[in-house]
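Participant: Sequence and computational prediction follow.
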Amino acid sequence: MSLRHLSLTALRTFEVASRYLSFTKAADELFLTRSAVSQQISQLESQLGAQLFHRMNSRLVLSREGAALAGVVRKSLMNIEGVLDNIRSGDISGRLVIGSLPSFGAKWLAPRLRQFCNMHPNIEVRLLSYVSLDDVVINGVDIAISFVRERQSGICQEILLQDEIWPICTPGMAQDVQPIRCAEDLSGRPILHTTLEGLDFGASWEEWLAALNLAPLSAQRALSFSRAYMMIEAAMQGQGVGIAMRSLVEQDIRAGRLVRLFDFRVRAAKLIALFYPEAAENRPAIRAFSDWIHETVKGEGSEVVGI
């Protein structure tokens with residue numbers, strides 16, 4: 001079939017519906033009614049002579065033909081969007097949706113994001129947190145910050161940093177009647193843990209202790225949190241001694257709200273990377289954000305690891 005006989009609007013509607021696997025959510029993004037989405041999909045299926053979706057147990061799934069078409073249409077639309085971004089004006093503009101590990105987004109990215117916005121005032125920025133990198137595709141994120149993983153087809157991965165693990169507490173707790181000068185001084189202190197339920201950028205006492213060949217800490221008087229930023233807040237309130245990634249607590253340490261305990265250098269096992277679709281690699285907004293975050297990490301002295 002000739003492409004000129006197909007509706008670009010219907011293809012765009014299909015692409016959104018294929019991401020959400022929901023006509024209702026597609027209608028919300030496109031500011032249409034659900035019936036309008038359904039009608040456009042039916043029209044496209046009729047023109048193609050193939051069913052693009054199946055309904056299984058009240059769930060919408062892509063057919064074999066639908067899955068093949070979805071990948072091609074998504075890449076083509078991204079290419080079009082990238083070209084439009086390049087020719088609109090000399091200024092970088094458009095919308096940029098950034099997905100981040102929750103605690104990295106809250107403690108590192110959000111406090112610095114205004115720097116990027118001031119450099120590129122015509123970019124409309126939206127910051128989201130997510131649980132899984134797979135969810136990013138569904139939520140329409142343009143560029144994501146997550147842990148390094150095996151290469152995925154169609155996805156670019158840029159290694160950003162390898163962090164360090166730092167024990168932390170308030171200045172008052174560090175210089176208490178019984179000051180904390182060595183790891184053995186942690187015995188009997190309230191210990192704060194991050195359980196890392198789901199996906200988050202947190203540190204563990206087990207990893208830090210194992211790297212230094214130290215014995216496990218007593219489980220008595222321990223508090224656990226599912227997110228690193230919650231644990232850091234509890235540490236700032238003097239509730240115990242916590243363990244955190246350097247990048248998440250450096251600003252609080254500079255401000256005097258926390259102190260780093262000990263001088264041991266323990267590198268985190270997991271690396272942090274940027275992810276974005278290969279089809280969008282040359283989008284000006286994505287390139288601008290990538291350049292900015294790499295320079296910011298490097299400028300603050302965090303260790304950047306080459307590929």
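Facilitator: That came in fine, so what should we check first? Worth saying up front: this structure is predicted, and the values here are computed from it rather than measured.
Participant: ok, residue 259 - contacts?
Facilitator: Going by C-beta atoms under 8 Å, 6 or more residues apart in numbering, residue 259 touches 168-171, 174, 253. Where C-beta positions appear, they are placed from N, C-alpha and C, glycine not excepted.
Participant: which one of those is nearest residue 199?
Facilitator: Checking these against residue 199 with C-beta to C-beta, the nearest one is residue 168 at 22.0 Å.
Participant: now what about stretch 98-118, what contacts it?
Facilitator: Residues contacting stretch 98-118 (C-beta under 8 Å, 6+ apart): 123, 125-130, 136, 139, 141-147, 199-202, 227-229, 232, 247-249, 251, 272, 288-289, 292-293, 296.
Participant: could you give the mean pLDDT of that stretch?
Facilitator: On average, the pLDDT along stretch 98-118 is 94.
Participant: returning to what we had before: please list only the buried members of the contacts of stretch 98-118.
Facilitator: Using 16 or more other C-beta atoms under 10 Å as the burial test, the contacts of stretch 98-118 include 123, 127-130, 136, 141-146, 200-202, 227-229, 232, 247-249, 272, 288-289, 292-293 as buried.
Participant: out of the residues you listed, which are inside strands?
Facilitator: Those of the buried ones among the contacts of stretch 98-118 mapping onto strands are 123, 127-129, 143-146, 272, per DSSP state E.
Participant: returning to that earlier point: would you format the contacts of residue 259 as JSON lines with secondary structure included?
Facilitator: Output for those, formatted as JSON lines (DSSP: H, G, I helix; E, B strand; the rest coil):
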{"residue": "168", "secondary structure": "strand"}
{"residue": "169", "secondary structure": "strand"}
{"residue": "170", "secondary structure": "coil"}
{"residue": "171", "secondary structure": "helix"}
{"residue": "174", "secondary structure": "helix"}
{"residue": "253", "secondary structure": "helix"}
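Participant: Please identify which of the ones in strands among the buried ones among the contacts of stretch 98-118 is nearest to residue 23.
Facilitator: Nearest to residue 23 out of those is residue 128 (C-beta to C-beta; 22.6 Å).
Participant: Quick check: which of the ones in strands among the buried ones among the contacts of stretch 98-118 has the minimum pLDDT.
Facilitator: residue 129 (84).
Participant: Setting aside sequence neighbours, what's the nearest residue to that residue?
Facilitator: residue 102 (4.1 Å; C-beta to C-beta, 6 or more residues apart in numbering).
Participant: quick one: the one you found and residue 226, what's the gap?
Facilitator: 9 Å (C-beta to C-beta, to the nearest Å).
Participant: Show me which of those two is the more surrounded one.
Facilitator: Ranked by neighbour count (other C-beta atoms under 10 Å), residue 102 and residue 226 place residue 102 first, with 21 against 14.
Participant: show me where pLDDT drops low in this structure?
Facilitator: 1-5, 82-93, 131-139, 177-182, 197-198, 218-220, 302-307 (pLDDT under 70).
Participant: Centroid-nearest residue for it?
Facilitator: residue 100 (2.1 Å; C-alpha atoms, centre = their mean).
Participant: one step back: nearest to residue 61 among the contacts of residue 259?
Facilitator: The closest of these to residue 61 turns out to be residue 168 (C-beta to C-beta; 46.5 Å).
Participant: Correct me if wrong: that closest one contacts residue 235.
Facilitator: Yes. Here residue 168 lies in contact with residue 235, judged by C-beta atoms under 8 Å, at a distance of 5.5 Å.
Participant: Quick check: neighbours shared by the two?
Facilitator: Between them, residue 168 and residue 235 share these contacting residues under C-beta under 8 Å, 6+ apart: 241-242, 244, 258.
Participant: With respect to residue 77, which of these is nearest?
Facilitator: residue 244 (40.0 Å).
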